[in-house]
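# One predicted model, sequence on top.
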Amino acid sequence: EAQVTQNPRYLITVTGKKLTVTCSQNMNHEYMSWYRQDPGLGLRQIYYSMNVEVTDKGDVPEGYKVSRKEKRNFPLILESPSPNQTSLYFCASSLSTGGGTSSYEQYFGPGTRLTVT
Amino acid sequence: SQQGEEDPQALSIQEGENATMNCSYKTSINNLQWYRQNSGRGLVHLILIRSNEREKHSGRLRVTLDTSKKSSSLLITASRAADTASYFCPLNGDSWGKLQFGAGTQVVVTP
């Protein structure tokens, strides 16, 4: 079954304690990205990756890191989490033409609800 | 970049009724997508309609696109309780693949 998986699904942590949220897709997609969803602010892109070893910032990258060492995985790293990073996080993936203006449907993971106290 | 603006913000209907929501945008697009999000869960892609298409169907869903009016509509026919969700029409952002989301339309279907 084609899917995007995220782990953990729920996480409560304390300020400053490094954490990683994993994202994996089994569709051989080149494109992957991370969004956060906050009440009143909607979904905002954090980082994206066009392919292995190619990553770039989205709209709200501060306080986050990503890596793309393998095509299927795109972990989101919070080196020193703060309470303002309490949010619902989604990983997404899609095929990529490698450029141009077209887009393809995106597959979203089930979400990771993070609380930073 | 631009985001799609969904309207209405909220919609409450009874099971079996049809639900219609609209999406407006400001500048030209290559395609428009509709997604559904059940409460607190992941988004699910519903339909992608290209700028040279006027109408598209998928099961109980019908999407129209009017590029002259810069608007799209999503019709859900014979709604079910499971259709209770938020619906979004994100547009392409300023980088490839980026989706720019609006606030969505929250649909509640009551038995």
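Arrived safely. No experiment lies behind these values; they were computed from the predicted model shown.
# Report the secondary structure state of residue A:84.
helix (DSSP: H, G, I helix; E, B strand; the rest coil).
# So what does the closest residue to residue A:87 other than its chain neighbours look like in phi/psi?
In this structure, residue A:87 finds its nearest non-sequential neighbour in residue A:36, 4.3 Å apart by CB to CB, 6 or more residues apart in numbering or on different chains. Placement of C-beta: from N, CA and C, glycine included. Phi and psi for residue A:36, reported as degrees, to the nearest 10, are phi -120, psi 150.
# ok, residue A:36 to chain B distance?
To chain B, residue A:36 is 11 Å away according to CB to the nearest CB, to the nearest Å.
# now residue A:4
Note on residue A:4: its distance to chain B, by CB to the nearest CB, is 8 Å.
# ok so, going back, I'd assumed residue A:47 was in contact with the residue nearest to residue A:87.
No: between residue A:36 and residue A:47 there is no contact under CB atoms under 8 Å: 10.5 Å.
# Could I get the contacting residues of the residue most central in space within chain A?
For chain A, the residue nearest the mean C-alpha position is residue A:34 (2.5 Å; CA atoms, centre = their mean). Contacts for residue A:34 (CB atoms under 8 Å, 6 or more residues apart in numbering or on different chains) come out as A:23, A:45-48, A:58, A:64, A:66, A:74, A:76, A:89-92.
# How about residue A:116: what's its closest non-neighbour residue?
For residue A:116, ignoring the flanking residues on the chain, the nearest one in space by CB to CB, 6+ apart is residue A:81 at 4.5 Å.
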